[in-house]
Structures are given as structure tokens and as C-alpha cells.
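Peer 1: model the structure of this input:
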Amino acid sequence: MTPTKCQDQVVLDLWHPLAALAEVPAGFVQETVLLEERVSYATDGGGNAAVWLSRPDLVAGCPFEPGALTRVLPAKVAYGYIWTSLGTPPTELFFIPEYAEPDRRRLNAATVGVNVSAPRAIENFLDMGHFPYVHTDILGAEPHTEVKEYDVELSVERDEIVATRCRFFQPKASTASTEGADVEYIYRVPHPYCSILYKSSPVDETRLDVIAVFLQPMDQEHIRAHMMLCVLDDENEDKVIKRFQQTIFGQDKPILENQFPKRLPLDPRAETPIRADKSAIAYRRWLSQKGVTYGVIPAAT
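Peer 2: All right, here's what the predicted structure looks like:
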């Protein structure tokens, strides 16, 4: 059954995150909103999940009986989250090979509701120019405000945007940092509403920390942002690592919610880009090529 509220088949056919598996009490029904539809889900405690369109006889908090379900939505557990689709999703989700490395800390930093469209939030995630002004003395500081030249490509083979050679001076790049440093970034956008950031690890110069934002579009102008961490850090407790990322996102949240318009304009003439916006320009073009209309203002034809 195709829902009537979202008519964007490209978005309906995507995998969408619902919740961090570790934070879902096993055996009990949970409920959320995805693409304006009430969606319920539950886990069995063994890493398996079921997802379905919400029903009045299986309300949030009640015990989950798998035999009570006759119609379910596609469900997948990946990167510590439960995913589903309201359409016909691909067999596999995008690949994050670092997640399988056993010495990494794998955490959901937080799940935060934000009054903005998913594409606007992805664009903010890609933007290095705001670091010194929004994340002062953490991810940036004056006078180190220049966004140096970097490369952006659309990988046709993997169907994703990749930005490389991104470097920025950061006073405190992570909880494991002991001093300021020029930090190398690589950005991937393998999904219209998900982005992955790789950045220099302060504890192992040969490897990169992984920080991802997986966005759950509740409607065209409201999201739940799930922040996945896959980092190298043997010193700090989980709560310390989470708090660092929560601080960063807490600084971004009011900026995001004051964006106007809340949906992302795809017309290249709608907003004036600068050199630092190369990733955002590529992202907008990619959404247009895919035919995404949900959460955006399509370019005039």
C-alpha cells in the first residue's frame, strides 16, 4: 500500500531510520511518525525488528506479539538502528565498512527532533564555513575562518556525493583531542537524507573517526536526527563521547530551525552560493537529478 500523504516515490522507496536499537525496550510496541504516517515497531531482544503501519489494537507500550501482525513493512537493522520503508527499498543499505571494526566505539549520540526539512539539515552537515561562528573554540575559531579549496565528485558507481581534501583548523575536534589541529574531513552523501563524515582521529593518525547523521523525515519540515558515532576512543566514557556530539548538535539546532524557507530550494538561482558551498551545490543538483520533491522546493521547469 502506498501512503497518500507522500507522493514522492523516490523517497517512499528509500530506507529510513526509526530508532537506535540499543534504546528500544525489547518486546514492547513503540510508535513514531515517518513521512506523515504513524508507524509502529518492536524488537525481540535478539537484534531482530518488525515494523508496521500503526494499528489501534497495538498501541505504544503494549506487549509485542509477532503473531498478531498480518501485514508488515520492510525492516532492517543496520549501523545500530532500525530502518524501514513505505515503498520498495533496495536490498542493501549504503556501506560503512568501518562499523565492523571491533575496536571502535559504536554509539547513538542522540536522537533529536528538529523543525526543518531533511535536505536543509544535510546541507548544514556539509557546511564547514559555519564552524568558527557556531561551534566557536570547538570545531573552529577566529581567525581560522577560511574554507580551503576542496574536491567534490558524484560517484556514479556508488550513486553518492563525495567531498575530499577538506581541511579545517579545530581547537577541539573530539573528546580524545588534547590540542588544536588541522583536521582532515571526508564527506559522503550516499542517501538523500543521510550523510557520513570521516575526520582525522586524534589517537591514530592512520585512521579516521566516523560520524553520521541519519534523518527520519516526519513530514516535509520536521525531522528526527539520529547521530551515529563510530570512533576510536579508549579513554572516555560513553556519556562523555555522547555529550560532546550533543553539544555540537545543540549549537546547530537553532540555526537549522531559523532557516527560511525550511524546505531546500533546488533552483540554483534561489540562493547565492560561494566557493565553500561546493558540496551543497552538488547535493542540490543530485537531488534534482534523482527527482526528489519531498522536503525541497523543486527548480522551475
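Peer 1: elements contacting the host helix or strand of residue 283?
Peer 2: Secondary-structure element containing residue 283, defined by DSSP states H and E: helix 278-290. Helix 278-290 makes packing contacts with helix 118-126, strand 151-155, strand 160-170, strand 181-191, strand 264-265 when contacts are defined by 3 or more Cβ pairs under 8 Å, 6 or more residues apart in numbering; DSSP states H and E. (Each C-beta comes from the backbone N, C-alpha and C, glycine too.)
Peer 1: hmm, 10 Å instead?
Peer 2: Applying 3 or more Cβ pairs under 10 Å, 6 or more residues apart in numbering; DSSP states H and E, one finds that helix 278-290 contacts helix 9-12, helix 118-126, strand 151-155, strand 160-170, strand 181-191, strand 264-265, strand 296-297.
Peer 1: need the winner for burial among the ones you listed.
Peer 2: Across the helices and strands packed on helix 278-290, the average number of neighbours (mean count of other Cβ atoms under 10 Å) peaks for helix 118-126, which reaches a mean of 24.
Peer 1: returning to what we had before: and the helices and strands packed on helix 278-290: which comes nearest residue 245?
Peer 2: Residue 245 sits nearest to helix 118-126 of all the helices and strands packed on helix 278-290, at 12.2 Å, using Cβ to Cβ.
Peer 1: chain center to the closest one, what's the gap?
Peer 2: Centre-to-centre, helix 118-126 and its host chain are 9 Å apart (Cα atoms, centre = their mean, to the nearest Å).
Peer 1: mean confidence for it?
Peer 2: In this model, helix 118-126 has a mean pLDDT of 92.
Peer 1: got it, and stretch 260-274?
Peer 2: Mean predicted lDDT for stretch 260-274 stands at 76.
Peer 1: ok, stretch 203-211 next?
Peer 2: 91.
Peer 1: just stretch 39-52 next, same as before
Peer 2: Model confidence over stretch 39-52, given as mean pLDDT, is 93.
Peer 1: so which bits of it are buried?
Peer 2: Of all the residues in stretch 39-52, those buried under the rule 16 or more other Cβ atoms under 10 Å are 39-43, 49-52.
Peer 1: using PDB, write down the CA coordinates of that stretch.
Peer 2: This file holds the C-alpha atoms of stretch 39-52, laid out as PDB (Å, rounded to 0.1, in the frame of the first residue of the first chain):
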ATOM      1  CA  VAL A  39       4.500   3.700  12.100                       C
ATOM      2  CA  SER A  40       4.900   1.100  14.900                       C
ATOM      3  CA  TYR A  41       7.900  -1.100  15.500                       C
ATOM      4  CA  ALA A  42       9.200  -3.600  18.100                       C
ATOM      5  CA  THR A  43      12.300  -5.800  18.700                       C
ATOM      6  CA  ASP A  44      12.700  -9.300  20.100                       C
ATOM      7  CA  GLY A  45      15.900  -8.500  22.000                       C
ATOM      8  CA  GLY A  46      17.900 -10.700  19.600                       C
ATOM      9  CA  GLY A  47      18.700  -8.000  17.100                       C
ATOM     10  CA  ASN A  48      15.500  -8.500  15.000                       C
ATOM     11  CA  ALA A  49      12.800  -5.900  14.400                       C
ATOM     12  CA  ALA A  50       9.300  -5.700  12.900                       C
ATOM     13  CA  VAL A  51       7.700  -2.600  11.500                       C
ATOM     14  CA  TRP A  52       4.100  -1.900  10.500                       C
END
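Peer 1: what sits against the nearest residue to residue 238 once chain neighbours are set aside?
Peer 2: In this structure, residue 238 finds its nearest non-sequential neighbour in residue 107, 5.9 Å apart by Cβ to Cβ, 6 or more residues apart in numbering. The contact partners of residue 107, by Cβ atoms under 10 Å, 6 or more residues apart in numbering, come to 20, 22, 80, 227-231, 233, 238-239, 241-242, 245.
Peer 1: restrict the residues you listed to the buried ones and give me that as a PyMOL selection.
Peer 2: In PyMOL syntax, the buried subset of the contacts of residue 107 is picked out as below (16+ other Cβ under 10 Å):
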select buried, resi 20+80+227+228+229+230+231+233+241+242+245
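Peer 1: please consider this matter closed, and thank you.
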